[in-house]
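> structure here, sequence nowhere to be found:
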Ligand code: SF4
């Protein structure tokens with residue numbers, strides 16, 4: 001079955017959110033409509049109406065304060081819009097623009113097919129200027145998770161990876177976060193999943209590794 005069809009079934013079964021996006025099958029005369037989770041109670045006429053999946057790119061590129069949203073899992077989606085979509089295919093395309101691969105990763109996880117790459121494996125395959133990231137110690141890596149990941153650092157993904165297969169992440173807000181924004185029924189939300197450290201994390205790992213090395217001199 002196509003991902004869009006499975007998504008449609010999930011919506012029919014009660015899924016209503018992913019990240020900061022509310023999924024509304026009952027709004028604005030469209031097959032599906034999306035809005036910011038903090039605009040769920042707003043009068044639809046007070047929101048700016050957009051049509052078609054491609055508009056999701058414009059809505060999600062810049063934050064309210066005008067900064068470029070460096071990663072789409074950043075907790076900075078702007079408010080004040082409704083996106084009308086005509087089909088499950090369009091819904092899937094729009095959600096992929098808001099949260100790239102978010103729906104697919106969730107479904108792969110539900111099917112037990114999601115491949116997870118632990119941090120050591122990710123860092124060990126870095127080349128060029130990023131190869132220095134390989135030398136980051138475990139303590140430095142654990143600290144970096146607390147400083148880079150989690151809602152306090154503006155990322156709303158649930159971390160699935162460990163330092164390596166024998167070394168879980170230490171308990172912290174970042175390692176505990178479940179990928180669902182706010183107080184909301186977890187059964188009605190698609191959690192955002194982090195299956196491997198992102199480029200931002202790797203870049204920070206490189207800097208932290210160099211700092212560790214400098215401190216030893
Ligand atoms: S590594 Fe994952 S959880 Fe951490 S900041 Fe990057 S995307 Fe977010």
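Received it, and whenever you're ready, just let me know what you need. Being a predicted model, the structure only gives us computed values, none of them experimental.
> residues touching residue 54, list them.
By Cβ atoms under 8 Å, 6 or more residues apart in numbering, the residues touching residue 54 are 93, 97. (C-beta placed from N, C-alpha, C; glycine too.)
> per-residue pLDDT, the nearest residue in space to residue 178 that is not next to it in sequence?
Nearest residue to residue 178, sequence neighbours excluded (Cβ to Cβ, 6 or more residues apart in numbering): residue 158, at 5.3 Å. Listed pLDDT for residue 158 reads 98.
> residue 158 against residue 176, yeah?
No. The pair residue 158 / residue 176 is not scored as a contact, 9.2 Å apart, by Cβ atoms under 8 Å.
> distance of residue 66 from residue 78?
Look at residue 66 and residue 78: by Cβ to Cβ, to the nearest Å, they are 10 Å apart.
> between the two, which has more neighbouring residues?
Per other Cβ atoms under 10 Å, whichever of residue 66 and residue 78 has more neighbours is residue 78, with 16 against 7.
> can I assume the more buried one sits in a helix?
No. Secondary structure assignment (DSSP: H, G, I helix; E, B strand; the rest coil) places residue 78 in coil, not in a helix.
> that one contacts residue 61, doesn't it?
No. Between residue 78 and residue 61 there is no contact under Cβ under 8 Å: 9.6 Å.
> get me the contact residues on the protein for the ligand.
Counting by Cβ under 6 Å from any ligand atom, the chain comes close to the ligand at 73, 148, 149, 155, 157, 159, 194, 197, 198, 200, 201.
> highest neighbour count among those?
Ranking those using other Cβ under 10 Å puts residue 149 first, with 28 neighbours.
> for it, which non-adjacent residue is closest in space?
Nearest one to residue 149, counting by Cβ to Cβ, 6+ apart, is residue 174 at 4.0 Å.
> and residue 28, what's its pLDDT?
pLDDT, residue 28: 67.
> got phi/psi on the residue nearest to residue 178?
Backbone torsions of residue 158, given as degrees, to the nearest 10, read phi -80, psi 120.
> what's the burial count for it?
Other residues close to residue 158 by other Cβ under 10 Å number 19.
> now do residue 79
Residues lying near residue 79 (other Cβ under 10 Å) number 14.
> which ones are touching it?
Counting by Cβ under 8 Å, 6+ apart, residue 79 makes contact with 36, 38, 39, 64.
> next, give me the two most distant ones among the residues you listed.
Maximum pairwise distance among these (Cβ to Cβ): 12.3 Å, between 39 and 64.
> ok, residue 191 - contacts?
Taking Cβ under 8 Å, 6+ apart as the contact definition, residue 191 lies against 106, 158, 178, 179, 180.
> of those residues, keep whichever come out buried.
106, 158, 179, 180 (16 or more other Cβ atoms under 10 Å).
> need the nearest residue in space to the first one, chain neighbours excluded.
Using Cβ to Cβ, 6+ apart and skipping residues adjacent in sequence, the residue nearest residue 106 is residue 190, 4.8 Å away.
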